[in-house]
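Student: after the sequence you'll find the predicted model.
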Amino acid sequence: MSVRQAQSGLFRVAHAPVSLEALRAPLHVAEAGGFCSFEGWVRNRNEGLPVEGLDYEVYEALALKEGEKILQEAREKFAIAQAVAMHRAGSLKVGDMAVWIGVSAPHRDAAFQACRYIIDEIKTRLPVWKREHYVGGEPQWVACHHQGAAHTHHS
Amino acid sequence: MSVRQAQSGLFRVAHAPVSLEALRAPLHVAEAGGFCSFEGWVRNRNEGLPVEGLDYEVYEALALKEGEKILQEAREKFAIAQAVAMHRAGSLKVGDMAVWIGVSAPHRDAAFQACRYIIDEIKTRLPVWKREHYVGGEPQWVACHHQGAAHTHHS
Amino acid sequence: MTTLRIDYFAQLRELAGTASEACETAHATPGPLYEELRARHGFPFKASQLRVAVNDAFVPWEHPLADGDVVVFIPPVTGG
Amino acid sequence: MTTLRIDYFAQLRELAGTASEACETAHATPGPLYEELRARHGFPFKASQLRVAVNDAFVPWEHPLADGDVVVFIPPVTGG
């Protein structure tokens, strides 16, 4: 584990696939009765264009800080046991896992709410940029769908 | 796979642990960009009593029908790609997975909503009964927390 | 008279002392049949707390019983 | 004059033609600095579309710049 990932290790930026087993390990705590997870997978199309794969560029030092902060906010807002998240960097193919979030909690309400909170915040706040490769077309930086939200969010 | 599980295979009652890989396989379809899952784990306490483990008794023929029905309802109500669920039968220890639900969808809203719908319906409708074993106490059938809901639900 | 099989699960199975019993009844629907079995086995549940299945499908309490039916009274469920 | 390092990501990196450049500036805050860099590199974004980080932490646009600061202008993010 690099120094940058060592902050708590519960949020990480990964340059290669990480096993589900490794991601899930910190969530197995005694009081946890429910577990909710979300994964983002690379789709084969985006807005009608056939996608071959994509690259994620990550501002890693800031992403790690912001990711840890999002997890900490989730722990404060919801009655959860633990929260873990991972975002991929580098080249991904169709079907690959781009993001993983796992939350364990005594009860399912909190697990669902915290998991949803974390993915929503990651999508608007984490300094990560997606460039898609299309079948028979130039790669393109994907336009932001959350621009308004992203910039009112922490004003 | 037994005849009873063969209906669609997407809802199953399992008498032994099932690998996540096997459970997740049907969800990887081309249009799926988001995946939400929920797991119920056996907790070490219930209402203050230390729990050693538990047994699930399942009315299997009806549980399989009702489980498939719940999945089909989720497919009709939400814009999802696929939904899968598994409920354990038999003896489980603390930390074991009692229930697993996975939903893939083009967008995360539908994945979260469908996953939540399925676990809520399983808890109120699936003919399954939990008997807990306590440290230094007699095993007990767990009382229902959803009695009102369960009986108004399909009236 | 109608000849039925009654299957029991969970608390009802324990109180009945069997997972299944044969039953000849004059009752035409599950409601009065349950009251008879409740009195016989000391089941704690009122019918309003239960659901009923015939031949592995949920049915209303007014469902007419037929020879050979398998009837299950479903105690409050606690899966998940 | 303040001596800074500017790091670029994604579209800004491609348009600047570099991931990082040294910069001497008389601007006291990131706002006017971005306008200068935008004119020089042809960045498509208005400042209102961006966030700004100094030394790996988000800061307000009025944050005072100091010698040795590493400044990053953050284009709209598309993770997840």
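Tutor: That came through fine.

Student: tell me the contacts of the closest residue to residue C:27 other than its chain neighbours?
Tutor: Leaving aside its chain neighbours, residue C:27 sits nearest to residue C:33 (4.3 Å; criterion: Cβ to Cβ, 6 or more residues apart in numbering or on different chains). Placement of C-beta: from N, CA and C, glycine included. Residues near residue C:33 by Cβ atoms under 8 Å, 6 or more residues apart in numbering or on different chains: C:4, C:23, C:25, C:27, C:65, C:71.

Student: from these, pick the one nearest chain D.
Tutor: residue C:71 (51.3 Å; Cβ to the nearest Cβ).

Student: do whichever strand or helix holds the closest one and chain B meet at all?
Tutor: Using DSSP states H and E, residue C:71 maps to strand C:70-74. Yes: using Cβ under 8 Å from any Cβ of the partner chain, strand C:70-74 reaches chain B at C:72, C:74.

Student: distance from that strand to the middle of the chain?
Tutor: A distance of 4 Å separates the C-alpha centroid of strand C:70-74 from that of its chain, computed with Cα atoms, centre = their mean, to the nearest Å.

Student: quick one: the strands in chain A?
Tutor: Using DSSP state E, the strands of chain A run over residues A:11-14, A:34-41, A:45-46, A:49-58, A:82-88, A:90-93, A:97-105, A:128-134, A:140-141.

Student: dump those to CSV, plus mean pLDDT.
Tutor: What follows is the strands of chain A, written out as CSV (pLDDT from 0 to 100):
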stretch, mean pLDDT
strand A:11-14, 98
strand A:34-41, 98
strand A:45-46, 82
strand A:49-58, 93
strand A:82-88, 98
strand A:90-93, 97
strand A:97-105, 98
strand A:128-134, 95
strand A:140-141, 91
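
Student: for chain B, find the nearest of the ones you listed.
Tutor: strand A:34-41 (4.2 Å).

Student: report the central residue of chain C.
Tutor: Nearest to the mean C-alpha position of chain C, by Cα atoms, centre = their mean, lies residue C:73 at 3.6 Å.

Student: and that one, how far is that from chain A?
Tutor: As judged by Cβ to the nearest Cβ, to the nearest Å, residue C:73 and chain A stand 28 Å apart.

Student: excluding chain neighbours, what is closest to that residue?
Tutor: In space, residue C:73 is closest to residue C:50, 5.1 Å off (Cβ to Cβ, 6+ apart).

Student: counting neighbours, what do you get for the one you found?
Tutor: Neighbours of residue C:50 under the rule other Cβ atoms under 10 Å in any protein chain shown: 20.

Student: from chain A, how far off is it?
Tutor: Distance from residue C:50 to chain A, by Cβ to the nearest Cβ: 25 Å.

Student: so that residue makes contact with residue C:72?
Tutor: No: using Cβ atoms under 8 Å, residue C:50 makes no contact with residue C:72, being 9.7 Å away.

Student: please, which helix or strand holds residue C:4?
Tutor: Going by DSSP H and E, residue C:4 is in strand C:2-7.

Student: now do the helix or strand immediately after that strand in the chain: which elements does it pack against?
Tutor: Sequence-wise, the next helix or strand downstream of strand C:2-7 (DSSP H and E) is helix C:10-16. On a contact count with 3 or more Cβ pairs under 8 Å, 6 or more residues apart in numbering or on different chains; DSSP states H and E, helix C:10-16 meets strand B:128-134, helix C:30-41.

Student: got the contact list for helix C:10-16?
Tutor: Taking Cβ under 8 Å, 6+ apart as the rule, helix C:10-16 contacts B:57, B:129, B:131, B:141, C:8, C:19, C:37, C:41-45, C:73, C:75.

Student: buried residues in it, which are they?
Tutor: C:10, C:11, C:12, C:13, C:15, C:16 (16 or more other Cβ atoms under 10 Å in any protein chain shown).

Student: could you do stretch A:31-50 as well?
Tutor: A:32-44, A:46.

Student: how about it, does it reach chain C?
Tutor: No: Stretch A:31-50 lies apart from chain C when judged by Cβ under 8 Å from any Cβ; the minimum separation is 9.1 Å.

Student: measure that stretch end to end?
Tutor: 45 Å (Cα to Cα, to the nearest Å).

Student: that stretch: how far from the chain's middle?
Tutor: Counting by Cα atoms, centre = their mean, stretch A:31-50 is centred 9 Å from the centre of its parent chain.

Student: for stretch A:78-91, same thing?
Tutor: 6 Å.

Student: in chain C, what residue lies closest to chain A?
Tutor: residue C:80 (8.4 Å).

Student: shouldn't that residue be in contact with residue B:123?
Tutor: Yes: using Cβ under 8 Å, residue C:80 makes contact with residue B:123 at a distance of 3.8 Å.

Student: picking up where we left off before, okay if I get the buried residues of helix C:10-16 as TSV plus pLDDT and distance to residue A:22?
Tutor: TSV is the format used below for the buried residues of helix C:10-16 (pLDDT from 0 to 100; distance: Cβ to Cβ, whole Å):
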residue	pLDDT	distance to residue A:22
C:10	97	39
C:11	96	42
C:12	98	45
C:13	98	42
C:15	97	47
C:16	98	48
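
Student: which one among those gets closest to residue B:98?
Tutor: Using Cβ to Cβ, residue C:10 comes nearest to residue B:98 of the buried residues of helix C:10-16, at 15.6 Å.

Student: quick check: that closest one vs residue C:19, distance?
Tutor: 10 Å (Cβ to Cβ, to the nearest Å).

Student: so which of the contacts of helix C:10-16 wins on neighbours?
Tutor: Neighbour max across the contacts of helix C:10-16 (other Cβ under 10 Å) = residue B:129, 24 neighbours.

Student: before we move on, the earlier item: how about the contacts made by the residue nearest to the centre of chain C?
Tutor: Residue C:73 touches C:6, C:8, C:12, C:30, C:34, C:37, C:43, C:45, C:50, C:51, C:52, counting by Cβ under 8 Å, 6+ apart.

Student: closest one of those to residue B:70?
Tutor: Nearest to residue B:70 among the contacts of residue C:73, with distances taken as Cβ to Cβ, is residue C:51, at 15.0 Å.

Student: the closest residue to residue A:55 other than its chain neighbours bridge partners, please.
Tutor: Take residue A:55 and drop its neighbours on the chain: the residue closest to it by Cβ to Cβ, 6+ apart is residue A:131, 4.7 Å away. Beta bridges link residue A:131 to residue A:55, residue A:141 when assigned by DSSP bridges.
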